[in-house]
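**Q** build me a model:
(chains A and B)
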2 protein chains.
Amino acid sequence: MMRDVAIIGCGITKFGHLDGKDLMDILVEASLNAIDDAGASEFDFDSVYVGNMLAGELSHQTAIASALVDRINLIPASAERIENGPASGGSAVKNGFFAVASGASDLVLVAGGEKMTGVNTGTISDLMATLNHPTAEYVHGATMPAMAALFTRLYMERYSLTERHLAMVAVKNHANGLKNPCAQLHKLCTVEDALSSAMVSDPLRLYYCCPISDGAAAVVLCPAKKAKEFTPKPVKILGFGHATDTHAFQEREDPIVLKSVKIAAQQAFKMANIKPEDIDVAELHDAFEILEIAESEDIGFFKKGEGQLAVEKGVTAIDGELPINPSGGLKARGHPVGATGVAQIVELVLQLRGEAGERQVRDAQRALACNFGGFGNNTLVHILERGN
Amino acid sequence: MMRDVAIIGCGITKFGHLDGKDLMDILVEASLNAIDDAGASEFDFDSVYVGNMLAGELSHQTAIASALVDRINLIPASAERIENGPASGGSAVKNGFFAVASGASDLVLVAGGEKMTGVNTGTISDLMATLNHPTAEYVHGATMPAMAALFTRLYMERYSLTERHLAMVAVKNHANGLKNPCAQLHKLCTVEDALSSAMVSDPLRLYYCCPISDGAAAVVLCPAKKAKEFTPKPVKILGFGHATDTHAFQEREDPIVLKSVKIAAQQAFKMANIKPEDIDVAELHDAFEILEIAESEDIGFFKKGEGQLAVEKGVTAIDGELPINPSGGLKARGHPVGATGVAQIVELVLQLRGEAGERQVRDAQRALACNFGGFGNNTLVHILERGN
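**A** Presented below is the predicted three-dimensional model:
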């Protein structure tokens, strides 16, 4: 019954400190890139979805979807903003997918973006923490690094995970990011660099946390049947999953099982009718390096407690059996929160089209993106497939 | 191809100054009312959509959909917040509709809410103005009342509209609100009261503007085919429309034509395969009383420039030929911005089920809601039909 949906274009800005550009400027840039890439600039769009978390708080602007649709001349296309914490981008993709799948829209733009630099980091830490539970977490000063530190400590206590494993994920993602022109952090790092970096929230050092970033990404969606009218290389959205977990971390049955990731992945695999072993490349939400490991387990790529072995053995490197975060991930590409879920999809589209340049994964047919909101309480998983 | 969608339950809080209740409290209250009303408390929900404009700015909380789904025990249902200025509620309904229409979800909760009182009105005026064009409007101090005043002045110059007509809309909506237990303003007003009220932004007096409000509303959606399993009185979503217009008011071809309303209405009527004269009752977005008149024309109920004659003749009164805003509208029910688009649908569901009490419209079969974001640049129209 549901219409099949294809991604026919993608665009992304440089991630990093984009001085002199405001949120709308970067959303416009990524959107126009995606529309150009789709060869859709002469077509009428039906719908525009904008993933963004903090436009009101950081840019003192609301209803930004109305602003975007005006700036890129897509009036009278419908437009709305989706805010879902750091999963805002993935949520925007999902709702764009529904617009096409339902038959309501034939051409949809999904853009995600965030402008986070230029204010002090204390403000950013505070605003990011507003997604935590207001009385059980936020008021007690539980910032995102603090939450991730607690999570990491539990992991280390229960499994063979050490700080060195976190460093190895960072080393891999920095190496990947160096091959990605749009990545924020363009430098190699060694395990020793990581192990000797500043302590942020014990046991998390600077290199085990993503940076604060500006950036935007966009994709164009249409019914799979019409995709070849636009591009010889469409990418099909094979499945999606979206699940929530308790708002407060402390209320989870097992605090180091990411149940929302587990359920979202199960839903996506069921819909796609494939298994974790059928995935050739994945973009995971490593806002903290521990999360790449935890997600890789809860998605079903590796057994629980053994994700770090995959990193150790090089399985998740670009030339490994299951490359994870070839883009550099949130760690090295950067994490403009509302952009991230869309940027993951952009990276996978490039990988599936064989256009990822120096960081190209070998013969990728199927790909998975995991975008993670809250501290693990709101997760979107998308599974993509090469269309030709 | 698209699945038919029904509304099987609705809930609403009292609108007004809800001291001692925060945003989440009122979202929870409306949601549980809607779920109870649908008889769906023992069922698993697939998706939750929350319409809200200013949670980050006013409640210092983000990712509120994750919070809501936790508070009302709907985990692991997917959840996200839609922000689309004052059209956030209508946008949330539309995306909930897509979730069901696409086949992705079988049971969806859509809640809209806003907590706006308890801060000074200058802050609210400023935050509402952030939806205007940042450089063409906002920086010049163009608040919403200022925009509406310019719009009204042009209307008065071109058509036979006088201040007395604005007063008559207010009188009608106050009279309707008095019959609505959840309305914020529970008092009759006379034309003279309105004409002698304080000047807000010339020519707009206090009675031609909606109040600042707290409140929430919610609906439960499912496939039309399954609706009778829940309720003997389902309401079908017959059509929707969603269109944008230029972000800056000054760039519109004709500044007093609400093109986004026109196009959204045309889309909705086309999908529903009915005409404006087939509508028995409507809820329009009278954030300012001029807008009830302008929308009633651009939707196609009355000829352009003649909407005020309908008010004059009592056509839009509860016992008139086309009752508009039997709930009291934004003027008397109140306007918690993120709630409004959902509250309009709740009112129409009650009207179509014949459960609107003292304000019941005679034999309503089909109803229309118009939720208006920006200053007329982002409009959603929904058309509903009695299901039995």
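**Q** looking at it, A:D280 is touching A:D363, isn't it?
**A** Yes. Counting by C-beta atoms under 8 Å, A:D363 is a contact partner of A:D280 at 7.2 Å. (Glycine included, C-beta is placed from N, CA and C.)
**Q** show me which residues of the stretch 101-250 of chain A sit near chain B.
**A** Residues of the stretch 101-250 of chain A lying close to chain B (C-beta under 8 Å from any C-beta of the partner chain) are A:101-104, A:127, A:130-131, A:133-134, A:242-248.
**Q** mind doing that once more with 10 Å?
**A** Taking C-beta under 10 Å from any C-beta of the partner chain as the criterion, the stretch 101-250 of chain A approaches chain B at residues A:101-105, A:126-134, A:138, A:240-248.
**Q** neighbour count: A:D280 and A:D363, which is higher?
**A** Counted by other C-beta atoms under 10 Å in any protein chain shown, A:D280 and A:D363 do not tie: A:D280 has more neighbours, with 21 against 9.
**Q** ok, and the closest non-adjacent residue to the residue sitting nearest the centre point of chain A?
**A** Chain A has A:G341 as the residue nearest its centroid, 3.2 Å off, counting by C-alpha atoms, centre = their mean. Closest residue in space to A:G341, ignoring its immediate chain neighbours: A:G89 at 2.6 Å, by C-beta to C-beta, 6 or more residues apart in numbering or on different chains.
**Q** circling back to that earlier point, buried subset of the residues of the stretch 101-250 of chain A next to chain B, written for ChimeraX?
**A** Selecting only the buried entries of those in ChimeraX, with 16 or more other C-beta atoms under 10 Å in any protein chain shown as the criterion:
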select /A:101,102,103,104,105,127,128,129,130,131,132,133,134,138,240,241,242,243,244,245,246,247,248
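**Q** for chain A, which segments count as strands?
**A** A:5-12, A:47-51, A:78-83, A:108-114, A:199-201, A:204-205, A:215-223, A:235-244, A:281-283, A:366-373, A:378-386 (DSSP state E).
**Q** these: which one's closest to B:E292?
**A** For B:E292, the closest of the strands of chain A is strand A:78-83, at 22.9 Å, according to C-beta to C-beta.
**Q** how far does the closest one sit from its chain's centre?
**A** 18 Å (C-alpha atoms, centre = their mean, to the nearest Å).
**Q** and stretch A:157-171, by the same measure?
**A** Its chain's average C-alpha position is 22 Å from that of stretch A:157-171, according to C-alpha atoms, centre = their mean.
**Q** so for it, mean pLDDT?
**A** Mean pLDDT, computed over stretch A:157-171, is 97.
**Q** end to end, how far does that stretch reach?
**A** 23 Å (C-alpha to C-alpha, to the nearest Å).
**Q** tell me the buried residues in that stretch?
**A** Here stretch A:157-171 shows A:159, A:161, A:163, A:165-171 as buried, counting by 16+ other C-beta under 10 Å.
**Q** now swap in stretch A:204-217 and tell me
**A** For stretch A:204-217, a neighbour-count test (16+ other C-beta under 10 Å) marks A:204-205, A:207-217 as buried.
**Q** and if you look at stretch A:33-42?
**A** Going by neighbour count (16+ other C-beta under 10 Å), the buried part of stretch A:33-42 is A:33-35, A:37-38, A:40.
**Q** shaky segments in chain A?
**A** A:1, A:388 (pLDDT under 70).
**Q** returning to what we had before: name the nearest of the buried residues of stretch A:204-217 relative to B:G300.
**A** Within those, the smallest distance to B:G300 is 38.2 Å, found for A:A216 (C-beta to C-beta).
**Q** hang on, A:R205 packs against A:A198?
**A** Yes. Using C-beta atoms under 10 Å, A:R205 makes contact with A:A198 at a distance of 6.3 Å.
**Q** related to what we said a few turns ago, which of the strands of chain A sits closest to B:D19?
**A** The nearest among the strands of chain A, by C-beta to C-beta, is strand A:78-83 at 26.6 Å.
**Q** is it true that A:L206 touches A:M199?
**A** Yes. Counting by C-beta under 10 Å, A:L206 touches A:M199, with 8.0 Å between them.
**Q** need the helices for chain A, in chain order.
**A** Remark: helices assigned in chain A by DSSP state H are A:23-38, A:55-59, A:64-71, A:88-101, A:121-129, A:144-158, A:163-178, A:191-195, A:259-272, A:289-298, A:307-312, A:329-332, A:337-353.
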